[in-house]
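Novice: no letters, just coordinates:
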């Protein structure tokens, strides 16, 4: 029989003294959290649809739960853990505030903690279930047959209503975190946005896509680090594969046997977090002469978020957030996203975002470069309408660059030369998106022999050389203007000339902002949103709720840091900035690399 040495009483007392040193949350922090929750509108929103079952009286209110969830990431550095939430609400705020929040007192021992934790857990899951858009229960290995039966038996209208509730909850929570900057955002003439889907892990081990059972988080899926981001068993379209690195002229690349990539490097089981981040498209976030940020350039913050399986419905999730932003009064500006969005069908993404008033800017996969369509004789080349007689080297400039037939300097010159052949708008598009466009000769940008009145304007204008045709000039050449419908070329049309200086500024400012925010929120020393351990409750509803609290915390953290690094009223900033001052001129972008500025 094993015997244990009796611990001296004195040692017990020392350990008890150590354990009693519990760190309390200050009243100021708790009161700030109360104000945040009360002004967010979340409590009346939840009370509309979180109907708790009858039975024993609930000892914890939704308001108190939200306050605890608000305080939790502040205490953990950005993580959301219900055990920590329980500890905060029941044992780490003062009795005065517990009385104010009507939180009952539990004994400070293991049984008391477990009883309090059960209360928090039941209330959280009641809230989550009212917003759960999935018919599949988590935490078990459902067979595929069981999953199909549950999906078939589910009420589609009820699931849609729960999805709407979840979107509203996320919107209210994220919007509350940027409330300090609402007035500054409303002063902007337009709000340009970057949209991106970044992968985040879930607290579940993935199962084989075609296996007999689903994972314990049945709503999640595999993220693939190449291709179109769908499941690994789904064929990857060749058009979405990265183009091979160009070889030097006169050399041949020896084919090598393709190695199977490591699963650890290629796959991630979880969700795509669709995030939308605003950015001032007119100004760079370059430091002022004193090394501090420009107070006129707001920091990049998340305005909306949605979760879905990786690679599934990027357009649907992006539009869901954009619709809510429009209802919140944000004025549409430029909109940039990765190729997953503009590779959608026009009715799903391109036409709706234009109808909302956004001006899309796109990059294209290799098979969508060059000429993309035409109407009335005009040709669509990499998103813009041009004269049908534009020289072939200008049409195929980007294709030739990828094929290593021209160098980067030549590509830049060819892209700039396209401007003289671009159709120009005679007037703004009407309410239905139809727009009258003039040929470049009519707009005074070129000279054309078909229209003699446009000749003799000077050698600085390009001379169009139309190809003779037995049926006569094309409609765009015969008429002064043509009408282009929004559906024509909708998949590829964009508001700026692809590759031009303005496109480079706008596209990369927006894309860099949302990518930079992804890295900011994924910092393992802060929110660590990509880590599965930062959100340990399975299911798309729970993952969305917890991620929304993390993103709200990241927004507040970023606003505070931005304010602390500003030099205001002639005073030094409270903190130094970590951004580097721009000391070199900007490089010129090309699809195959950058051009460094020529030495003076």
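Specialist: Okay, I see it. Keep in mind that what you see is a predicted model, and the values were worked out from it rather than measured. Numbering: from 1, shown residues only.

Novice: C-alpha from now on. contacts and neighbour counts both.
Specialist: Noted.

Novice: list the helices and strands the strand or helix carrying residue 352 packs on?
Specialist: Here residue 352 sits within helix 350-355, counting by DSSP states H and E. Helices and strands touching helix 350-355, by 3 or more CA pairs under 8 Å, 6 or more residues apart in numbering; DSSP states H and E, are strand 359-361.

Novice: direction included, what does the next helix-or-strand element following the strand it packs on pair up with?
Specialist: The helix or strand immediately downstream of strand 359-361 is strand 371-375, counting by DSSP H and E. Next to strand 371-375 in the sheet, as set by DSSP bridges, lie strand 378-381 (antiparallel).

Novice: contact partners of the strand it pairs with?
Specialist: 369-374, 385-388, 395, 476, 489, 493 (CA atoms under 8 Å, 6 or more residues apart in numbering).

Novice: name the nearest of those residues relative to residue 345.
Specialist: Using CA to CA, residue 489 comes nearest to residue 345 of the contacts of strand 378-381, at 11.4 Å.

Novice: what residues are up against that closest one?
Specialist: Contacts of residue 489 by CA under 8 Å, 6+ apart are 372-374, 380, 383.

Novice: average pLDDT across the longest strand seen in the chain?
Specialist: Secondary structure of the chain per DSSP state E: the longest strand is strand 267-279. Mean pLDDT, strand 267-279: 94.

Novice: from the chain's centroid, how far away is it?
Specialist: Averaging C-alpha positions (CA atoms, centre = their mean, to the nearest Å) puts strand 267-279 6 Å from its chain's average.

Novice: which stretches of the stretch 201-350 of the chain have low pLDDT?
Specialist: Applying pLDDT under 70 to the stretch 201-350 of the chain flags residues 225-266.

Novice: so where do the strands sit in it?
Specialist: 221-224, 267-279, 304-308, 332-337 (DSSP state E, counting those that start in this stretch).

Novice: need those strands in JSON lines with distance to residue 588, can you?
Specialist: Listed next are the strands of the stretch 201-350 of the chain as JSON lines, based on distance: least, CA to CA, whole Å:
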{"stretch": "strand 221-224", "distance to residue 588": "31"}
{"stretch": "strand 267-279", "distance to residue 588": "21"}
{"stretch": "strand 304-308", "distance to residue 588": "32"}
{"stretch": "strand 332-337", "distance to residue 588": "19"}
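
Novice: and these: which comes nearest residue 557?
Specialist: strand 267-279 (15.3 Å).

Novice: show me what the closest one is packed up against.
Specialist: So strand 267-279, by 3+ CA pairs under 8 Å, 6+ apart, packs with strand 191-201, strand 221-224, strand 304-308, helix 314-327, helix 501-521.

Novice: that older thread, contacts for the helix holding residue 352?
Specialist: Here helix 350-355 makes contact (CA under 8 Å, 6+ apart) with 319, 342, 344, 359-360, 432-433, 486-487, 490-491.

Novice: quick one, helices of the stretch 51-200 of the chain?
Specialist: 62-76, 82-91, 95-100, 110-129, 144-153, 156-177, 182-186 (DSSP state H, counting those that start in this stretch).

Novice: what is the second one packed up against?
Specialist: Judged by 3+ CA pairs under 8 Å, 6+ apart, helix 82-91 is in contact with helix 62-76, helix 110-129.

Novice: so how far is the first one off the chain centroid?
Specialist: Meaning helix 62-76. 25 Å.

Novice: tell me the buried residues in it?
Specialist: Buried positions in helix 62-76, judged by neighbour count with 16 or more other CA atoms under 10 Å: 62-74, 76.

Novice: show me where pLDDT drops low in the protein?
Specialist: Ranges of the chain meeting pLDDT under 70: 1-8, 53-56, 225-266, 579-586, 597-600.

Novice: coming back round to it: what lines up beside the longest strand of the chain in the sheet?
Specialist: For strand 267-279, pairing defined by DSSP bridges yields strand 191-201 (antiparallel), strand 221-224 (antiparallel), strand 304-308 (antiparallel).

Novice: those: which one's closest to residue 107?
Specialist: strand 191-201 (36.2 Å).

Novice: and that closest one with helix 314-327, angle?
Specialist: Counting by axes from the mean of the first three to the mean of the last three CA atoms, to 10 degrees, strand 191-201 lies at 130 degrees to helix 314-327.

Novice: now strand 191-201 against strand 332-337, angle please.
Specialist: Using the same axes, to 10 degrees, strand 191-201 lies at 30 degrees relative to strand 332-337.

Novice: what angle sits between strand 191-201 and helix 501-521?
Specialist: Going by the same axes, to 10 degrees, strand 191-201 makes 40 degrees with helix 501-521.

Novice: which other residues reach strand 191-201?
Specialist: With contacts defined as CA under 8 Å, 6+ apart, strand 191-201 is touched by 185, 223, 268-281, 310, 314, 318, 330-338, 510-511, 513-515, 518, 529-532.

Novice: let's see 7 Å
Specialist: Strand 191-201 has contacts (CA atoms under 7 Å, 6 or more residues apart in numbering) with 223, 268-281, 330-338, 510-511, 514, 529-532.

Novice: which of the helices and strands packed on strand 267-279 sits closest to residue 172?
Specialist: strand 304-308 (9.5 Å).

Novice: that closest one vs helix 156-177, what angle?
Specialist: If you take the same axes, to 10 degrees, strand 304-308 sits at 140 degrees to helix 156-177.

Novice: what's in contact with strand 304-308?
Specialist: By CA under 7 Å, 6+ apart, the residues outside strand 304-308 that reach it are 171, 174, 271-276, 317, 321, 544.

Novice: let me know the closest of the residues you listed to residue 157.
Specialist: The nearest member of the contacts of strand 304-308 to residue 157, counting by CA to CA, is residue 317 at 18.1 Å.

Novice: count the residues that sit near that closest one.
Specialist: 21 (other CA atoms under 10 Å).

Novice: for residue 439, which residues are in contact?
Specialist: Applying CA under 7 Å, 6+ apart, the residues near residue 439 are 387, 423-424, 476, 480-481.

Novice: picking up where we left off before, dump the helices and strands packed on strand 267-279 into a markdown table; add distance to residue 41 as well.
Specialist: Output for the helices and strands packed on strand 267-279, formatted as a markdown table (distance: least, CA to CA, whole Å):
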| stretch | distance to residue 41 |
| --- | --- |
| strand 191-201 | 24 |
| strand 221-224 | 33 |
| strand 304-308 | 16 |
| helix 314-327 | 16 |
| helix 501-521 | 25 |
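
Novice: of all the ones you listed, which one is nearest residue 123?
Specialist: So among the helices and strands packed on strand 267-279, strand 304-308 is nearest, using CA to CA, at 22.4 Å.

Novice: please state the offset of that closest one from the chain centre?
Specialist: Centre to centre, stretch against its chain (CA atoms, centre = their mean), the figure for strand 304-308 is 8 Å.

Novice: just stretch 119-135 next, same as before
Specialist: 26 Å.

Novice: which parts of it are buried?
Specialist: Buried residues in stretch 119-135, counted by 16+ other CA under 10 Å: 119-121, 123-124, 126-128, 130-135.
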